[in-house]
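**Q** sequence first, then the predicted structure:
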Amino acid sequence: MPVKSRPGPRAASNAAQPTSTRKRAVPDPPGPPARGIRRVALRDRLEPLYASFNHERSATVPIELVRPYAAAPDREVAGFIASALAFGNVASVIQSGRAVLDVMGPSPAEYARGFDPRRDGGSFAGIGHRWIRSRDIAALVWLLRQMLDRAGSIDGFFAEGDDPASDDVGVGLESFTARAMALDLTAAYDPVPARPGVAYFFTRPSQGSACKRLNLFLRWMVRRDAVDLGVWSSVSPSRLIVPLDTHVIRLGRCLGLTRYTSPGWRMASDITRALRSLDPADPVRFDFAICHVGMMGGCGYGEKRGSRQCPLNGICRPAASRSSGRDGATRRQGTKADAGA
């Protein structure tokens, strides 16, 4: 879910494709999977929470920008645009995403396939999102066009660098970002700056990023229920990683799902491993509910009020960080969990 953030490490525009797709992008130590009685108790509390949020209008979220499109090609292009801009206040995220998609018309995929940044880039004039400028948005659409030209779909472009036998999508994301940033950008920027704004949309696990917005896009495309769209079939839901935002960080630490204190790929993987012990086939299905407990102010992690207002009261540890300066620092970092994500 969108959170206020600052830009973190950006992928280099000439990044090379990883030399091996058989290795994990980041070697992660074993996480803290829920065990025994605690695992049963946690699953028993998360299941009704999931059910209570598993409907289209359970919350105002950027995916609502994607649902009006019926065709799969339009959903994946619109979904990439909406998830790429999913940082900051949710109202501004939806406003910016809608402005971009309004320019792209009734078929975002058809618009992207015919997009020429020199001819059409001015159509986005006056549209931006926080530090993202109109030329960065034009550059994003230009990269999406090149993906469609080369692989037929964003799904196909992702699959070219993915390894279905790997434990999670880290290998695929690493390759996806490297190959995306190796595509032509001169038509969009000319000259291409050393740190083009479009690079913020393409982050890498190997650089420690949680890749929050890319993982959000994958969740929308791969999973299918009342919230997620299930457009793709090339990736198994069992390999997804939670989109790590400040709310998932708070709940993840409060529930003891991670040992890490700093946001990043390792924390996202750690939380996912714990959730995988509850549902190996679809660990990320709990993400939406967990995130929205935080968004609605239910989590009292590190606060005096504790867990009195939390629907997970009794299985969480809301006071775990109040006396720790280190954890207090992490809570402040948590508001930046989307940085570089």
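**A** Sure, I can see it.

**Q** please report the distance of residue 220 from residue 154.
**A** According to CB to CB, to the nearest Å, residue 220 and residue 154 sit 12 Å apart. Glycine gets a C-beta too; all of them are placed from N, C-alpha and C.

**Q** higher neighbour count, these two?
**A** residue 220 (27 against 24; other CB atoms under 10 Å).

**Q** for residue 125, see how far away the more buried one is.
**A** Relative to residue 125, residue 220 is positioned 28 Å away (CB to CB).

**Q** ok, residue 155 next?
**A** Residue 155 is 31 Å from residue 125, where distance means CB to CB.

**Q** neighbour count winner among the two?
**A** Neighbour totals were compared for residue 155 and residue 125, and residue 155 leads with 21 against 12 (other CB under 10 Å).

**Q** and residue 148, what does it touch?
**A** Under the criterion of CB atoms under 8 Å, 6 or more residues apart in numbering, the neighbours of residue 148 are 77, 109, 112, 113, 154, 157.

**Q** got TSV for these, with pLDDT, secondary structure and distance to residue 193 too?
**A** Supplementary listing: the contacts of residue 148 in TSV, determined by pLDDT from 0 to 100; DSSP: H, G, I helix; E, B strand; the rest coil; distance: CB to CB, whole Å:
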residue	pLDDT	secondary structure	distance to residue 193
77	98	helix	25
109	98	helix	28
112	98	helix	23
113	98	helix	26
154	98	helix	25
157	98	helix	24
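
**Q** relative to residue 190, which of those residues is nearest.
**A** Nearest to residue 190 among these: residue 112, at 19.7 Å, using CB to CB.

**Q** neighbour-wise, which of the contacts of residue 148 leads?
**A** Going by other CB under 10 Å, residue 77 tops the contacts of residue 148 with 29 neighbours.

**Q** that residue touches residue 110, doesn't it?
**A** No: when contacts are counted by CB atoms under 8 Å, residue 77 is not listed as touching residue 110 (9.0 Å).

**Q** where does the prediction get shaky in the protein?
**A** 1-37, 58-60, 292, 294-341 (pLDDT under 70).

**Q** same thing but 80
**A** 1-39, 53, 56-60, 247, 289, 291-341 (pLDDT under 80).

**Q** what about the helices in it?
**A** Along the chain, the segments classed as helices by DSSP state H run 36-53, 72-84, 90-104, 108-113, 117-120, 134-151, 154-160, 170-181, 212-222, 246-254, 265-276, 287-295, 325-334.

**Q** okay, buried residues for the first one please.
**A** When burial is assessed from 16 or more other CB atoms under 10 Å, helix 36-53 yields the following buried residues: 42, 43, 45, 46, 49, 50, 53.

**Q** can I get it in CSV, CA atoms only?
**A** Only the C-alpha atoms of helix 36-53 are listed here, as CSV (Å, rounded to 0.1, in the frame of the first residue of the first chain):
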residue,chain,number,x,y,z
GLY,A,36,3.4,-25.4,16.4
ILE,A,37,0.7,-24.0,18.5
ARG,A,38,1.7,-20.4,17.6
ARG,A,39,1.4,-21.2,13.9
VAL,A,40,-2.1,-22.6,14.4
ALA,A,41,-3.2,-19.6,16.5
LEU,A,42,-1.8,-17.1,14.0
ARG,A,43,-3.5,-18.8,11.1
ASP,A,44,-6.8,-19.1,13.0
ARG,A,45,-6.7,-15.3,13.5
LEU,A,46,-5.5,-14.3,10.1
GLU,A,47,-8.1,-16.4,8.2
PRO,A,48,-11.1,-14.4,9.3
LEU,A,49,-9.2,-11.2,8.8
TYR,A,50,-8.4,-12.2,5.3
ALA,A,51,-12.0,-13.0,4.6
SER,A,52,-13.2,-9.7,6.0
PHE,A,53,-11.0,-7.8,3.6
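
**Q** helices and strands around it, which ones?
**A** Applying 3 or more CB pairs under 8 Å, 6 or more residues apart in numbering; DSSP states H and E, we find helix 36-53 packed against helix 287-295.

**Q** pretty sure residue 276 is touching residue 282, no?
**A** No: counting by CB under 8 Å, residue 276 does not reach residue 282; the two are 9.0 Å apart.

**Q** between those two, tell me which one has more neighbours.
**A** More crowded of residue 276 and residue 282, by other CB under 10 Å: residue 276, with 22 against 18.

**Q** relative to residue 283, how far out is the more buried one?
**A** 4 Å.

**Q** got any residues that touch both of these two?
**A** With CB under 8 Å, 6+ apart, residue 276 and residue 283 have common neighbours residue 238.

**Q** so who does the nearest residue to residue 192 once chain neighbours are set aside touch?
**A** Among residues not flanking residue 192 along the chain, residue 185 sits closest, at 4.7 Å (CB to CB, 6 or more residues apart in numbering). Residue 185 is in contact with 13, 139, 142, 143, 192, 196, 198, counting by CB under 8 Å, 6+ apart.

**Q** next one: residue 230
**A** Residue 230 touches 221, 222, 223, 224, counting by CB under 8 Å, 6+ apart.
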